[in-house]
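Build me a model from this:
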Amino acid sequence: MLPEVPAASRMILADRSNYLTRPPIFPGYDLIVIHCTDGHPAALGVAQMWQQPGASGKHTSAHFVIGQDGEAIQCVPLAFAAQHAHNANAHSVGIEHCARTPGEWDKALGHHDPGLPPSDALYAKSAELVAYLLVAAGLPCDRDHVKGHAEADPATTHTRCPDGCGWDWDAYMSRVRIAYEALGSPPAPLVA
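Predicted structure coming up:
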């Protein structure tokens, strides 16, 4: 199956138990939510985790995951609601980024983990993807429509996502604006 957007290199579908049907309005989103995985650098491992029913002991997913190398994988079709931000799920697109908060506890990394800040390739691919999604949905390029996990989901226990991994909002949104303006006119409609 091919991804729905040109910024994604491939589609690796999450298990159907890890995402929900959206209300029947397509594209059905008015918000893009930025997450950091607090894990390892490659997108493939995250995509494969979501292929398991009840990923991580609960039903979670995001529409896209982007690795440190800039690979973007689509995991949930845009017509469906990924389970990534509680009450925002029904009207948002979730994008996980393979970056990690310093000191994040992980048995393989230990307490002295220096973290994994977002790479230039990750920021570039994410900006391309977010700009495309904003234009495709007819949304303005602003922080009202692109939010961090903790901003979009006050109920989350991930209160520092994505800021804890060193997310630079000013530099990131500058990249998104440049990509958004470069698109000029809306891309071809997304296929429902």
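
Mind naming the longest helix for the chain?
Of all the elements of type helix in the chain, the one with the most residues (DSSP state H) is helix 120-137.

got any ranges where the chain has weak pLDDT?
Per-residue confidence for the chain (pLDDT under 70) gives these ranges: 23-27, 55-57, 105-111, 185-192.

Helices along that one, start to end?
Using DSSP H, helices in the chain cover 43-50, 120-137, 149-152, 169-183.

any chance of those helices in JSON lines, plus distance to residue 98 and mean neighbour count?
(C-beta placed from N, C-alpha, C; glycine too.) As requested, these are exported to JSON lines (distance: least, C-beta to C-beta, whole Å; neighbours: other C-beta atoms under 10 Å):
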{"stretch": "helix 43-50", "distance to residue 98": "6", "mean neighbour count": "21"}
{"stretch": "helix 120-137", "distance to residue 98": "7", "mean neighbour count": "21"}
{"stretch": "helix 149-152", "distance to residue 98": "14", "mean neighbour count": "22"}
{"stretch": "helix 169-183", "distance to residue 98": "15", "mean neighbour count": "15"}
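
I'd like those laid out as CSV, including distance to residue 67.
Output for the helices of the chain, formatted as CSV (distance: least, C-beta to C-beta, whole Å):
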stretch, distance to residue 67
helix 43-50, 4
helix 120-137, 7
helix 149-152, 18
helix 169-183, 16
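
Residue 13: which of those helices is closest?
Nearest to residue 13 among those is helix 43-50 (8.4 Å), distances taken as C-beta to C-beta.

what sits up against that closest one?
Contacts of helix 43-50 with the rest of the structure, by C-beta atoms under 8 Å, 6 or more residues apart in numbering, involve 12, 14-15, 18, 37, 39, 55-56, 60-62, 65-67, 71-73, 75, 96, 98.

Show me which of these are buried.
In the contacts of helix 43-50, burial by neighbour count holds for 12, 14-15, 18, 37, 39, 55, 60-62, 65-67, 71-73, 75, 96, 98, counting by 16 or more other C-beta atoms under 10 Å.

I'd like to know which elements the longest helix of the chain is packed against.
Of the remaining helices and strands, those touching helix 120-137 by 3 or more C-beta pairs under 8 Å, 6 or more residues apart in numbering; DSSP states H and E are strand 31-36, strand 64-66, strand 72-74, strand 92-97, helix 169-183.

Put together a markdown table for the ones you listed, with distance to residue 112 on each row.
Compiled in a markdown table, these are given as follows (distance: least, C-beta to C-beta, whole Å):
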| stretch | distance to residue 112 |
| --- | --- |
| strand 31-36 | 19 |
| strand 64-66 | 26 |
| strand 72-74 | 30 |
| strand 92-97 | 23 |
| helix 169-183 | 27 |
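
if I look at the closest residue to residue 183 other than its chain neighbours, how far off is residue 40?
Once its chain neighbours are removed from consideration, residue 183 has its nearest residue in residue 135; the separation is 4.9 Å (C-beta to C-beta, 6 or more residues apart in numbering). For residue 135, the distance to residue 40 (C-beta to C-beta, to the nearest Å) stands at 31 Å.
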